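*Asks:* Sequence first, predicted coordinates after that:
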Number of protein chains: 2
Amino acid sequence: MKEPYNQYSLLLDRTARKVKWYAQQQFKEMGFDMTVDQWLVMKLTDENEALSQRELAALMYKDMPTVTRIVDILCTKGLVERAESPADRRVSILKLTQEGREKVTSSRKQVRSIRLKAWEGLNEKDFDEFNRILNKIYENLT
Amino acid sequence: MKEPYNQYSLLLDRTARKVKWYAQQQFKEMGFDMTVDQWLVMKLTDENEALSQRELAALMYKDMPTVTRIVDILCTKGLVERAESPADRRVSILKLTQEGREKVTSSRKQVRSIRLKAWEGLNEKDFDEFNRILNKIYENLT
DNA sequence: TTACTTTAGTTGGTGCACTAACTAATTTGA
DNA sequence: TCAAATTAGTTAGTGCACCAACTAAAGTAA
């Protein structure tokens, strides 16, 4: 190979963007007025009791400024609220509003079907390989 | 599996970002004052005679507004120039300036070593699987 | 030629990613 | 106990990604 492993980062990047784009299209079609990242924040807030922004950032593999801004948007939309932690006044505990909870609940089934589309024609072994290789690359660069 | 293929988009996304991040760190360390995307524009401009922005966008799998803006930045930096195509006055033909050409040439070897880092402990078969699976996912969503 | 459509590229607006610098609260350790 | 270090979160600035709307040039067909 003259240029070994050439282009792999481009392939990674374009695939990641395509996956996000496809989910966003589906959101749009189902009249779901929010971004994929905003939805993920809501889902994780729903699933994790007394979640702080730092913990949320870790779950999403995003940095704190990014999380701050997504949460800001969701607060403005009235879907999420910040509450002060009783144990540590630096910490914001995230909670869904009633409206936020309803939105997440009503979307779960549809979101699952979005996920499956990407894996058509691929099997469980492929999924394992995918996980192994991507995790290995990640570790190599950490 | 209760949530099949859950999290795969997160894994894709975080790995793609890590790869870009690592390259950017290396650029910084070698005193290379530009982003990875800017470098890619310069590399492709160097390798392709009389490249238009549309062709460049296709090579990078990016959309045209994104390309316009990256090229804008490189023009401002004096590394790239737009020339009018003699055949079609809508088309901008991209060319590296002398300084741009020197920057690309001097960086090629170092960039190759950046690429290899991600694949430590992985073999050629892994690389093929990686390509096959990511391309399949991409096709599934197109 | 004249009107219709397509194509290359730009511009504006919004959202996410990353760095750096900052505030305020908490923890640590001499 | 109190100064230094750490931690949670925010703000500012820059760059990329995507959509939509736009300009101007080409191509097409009557």
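*Replies:* Now that the structure is in, tell me what you want to look at. Numbering: from 1, shown residues only, chains lettered A, B, ... in the order given.
*Asks:* A:K109: neighbouring residues, count only.
*Replies:* Counted by other Cβ atoms under 10 Å in any protein chain shown, the residues lying close to A:K109 total 8. (C-beta placed from N, C-alpha, C; glycine too.)
*Asks:* pLDDT wise, what is it at?
*Replies:* Looking at A:K109, its pLDDT is 84.
*Asks:* quick one: A:T15 from DNA strand C, how far?
*Replies:* 15 Å (Cβ to the nearest atom of the strand, to the nearest Å).
*Asks:* Contacts (any at all) between chain B and the helix or strand where A:K109 lies?
*Replies:* For A:K109, the host element (DSSP states H and E) is helix A:98-117. Yes. Counting by Cβ under 8 Å from any Cβ of the partner chain, chain B is contacted by helix A:98-117 at A:112, A:115-117.
*Asks:* Mark which of those are buried, thanks.
*Replies:* Buried residues within the residues of helix A:98-117 next to chain B, counting neighbours by 16 or more other Cβ atoms under 10 Å in any protein chain shown: A:R115.
*Asks:* and which of the residues of helix A:98-117 next to chain B is nearest to A:T68?
*Replies:* Each of the residues of helix A:98-117 next to chain B was scored against A:T68 by Cβ to Cβ, and A:R115 proved nearest at 27.1 Å.
*Asks:* by contact count, what packs against the worst-scoring helix or strand of chain A on mean pLDDT?
*Replies:* Every helix and strand in chain A was compared by mean pLDDT, DSSP states H and E; the lowest is helix A:98-117, with a mean of 90. Judged by 3 or more Cβ pairs under 8 Å, 6 or more residues apart in numbering or on different chains; DSSP states H and E, helix A:98-117 is in contact with helix A:8-29, helix A:36-47.
*Asks:* can the ones you listed go into TSV with extra columns for mean pLDDT?
*Replies:* Shown next, in TSV, are the helices and strands packed on helix A:98-117 (pLDDT from 0 to 100):
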stretch	mean pLDDT
helix A:8-29	94
helix A:36-47	96
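*Asks:* how about these, which one is nearest B:A16?
*Replies:* helix A:8-29 (4.2 Å).
*Asks:* Which residues does the closest one contact?
*Replies:* The contact list for helix A:8-29 (Cβ atoms under 8 Å, 6 or more residues apart in numbering or on different chains) reads A:34-36, A:39, A:110-111, A:114, A:117-118, B:8-9, B:12-13, B:15-16, B:19-20, B:23, B:40, B:60-61, B:115, B:118-119, B:127, B:130-131, B:134-135, B:137-138, B:141-142.
*Asks:* got the residues of chain A near DNA strand D?
*Replies:* A:13, A:17, A:20-21, A:24-25, A:52-55, A:64-65, A:67-69, A:71-72, A:82, A:88, A:90-92 (Cβ under 7 Å from any atom of the strand).
*Asks:* Quick one: name the residues of chain A near DNA strand C.
*Replies:* Within chain A, the residues that sit near DNA strand C (Cβ under 7 Å from any atom of the strand) are A:35, A:37-38, A:62-63, A:65-66, A:69-70, A:73, A:88-90.
*Asks:* right, and the pair among the residues you listed with maximum separation?
*Replies:* Counting by Cβ to Cβ, the most remote pair of the residues of chain A next to DNA strand C is A:T35 and A:R89, 30.4 Å apart.
*Asks:* returning to that earlier point: filter the contacts of helix A:8-29 to the buried ones?
*Replies:* Neighbour-count burial (16+ other Cβ under 10 Å) applied to the contacts of helix A:8-29 gives A:34, A:36, A:39, A:111, A:114, A:118, B:8-9, B:12-13, B:15-16, B:19-20, B:23, B:40, B:60, B:115, B:118-119, B:127, B:130, B:134, B:137-138, B:141.
*Asks:* Report the separation between the residue nearest in space to the middle of chain A and B:A118.
*Replies:* The residue lying closest to the centre of chain A (Cα atoms, centre = their mean) is A:L40, at 4.1 Å. Distance from A:L40 to B:A118, counting by Cβ to Cβ, to the nearest Å: 25 Å.
*Asks:* now stretch A:33-42: how far from the chain's centre is it?
*Replies:* Relative to its chain's centre, stretch A:33-42 lies at 7 Å (Cα atoms, centre = their mean, to the nearest Å).
*Asks:* A:A83 sits in which helix or strand?
*Replies:* Assigned by DSSP H and E, A:A83 belongs to strand A:80-84.
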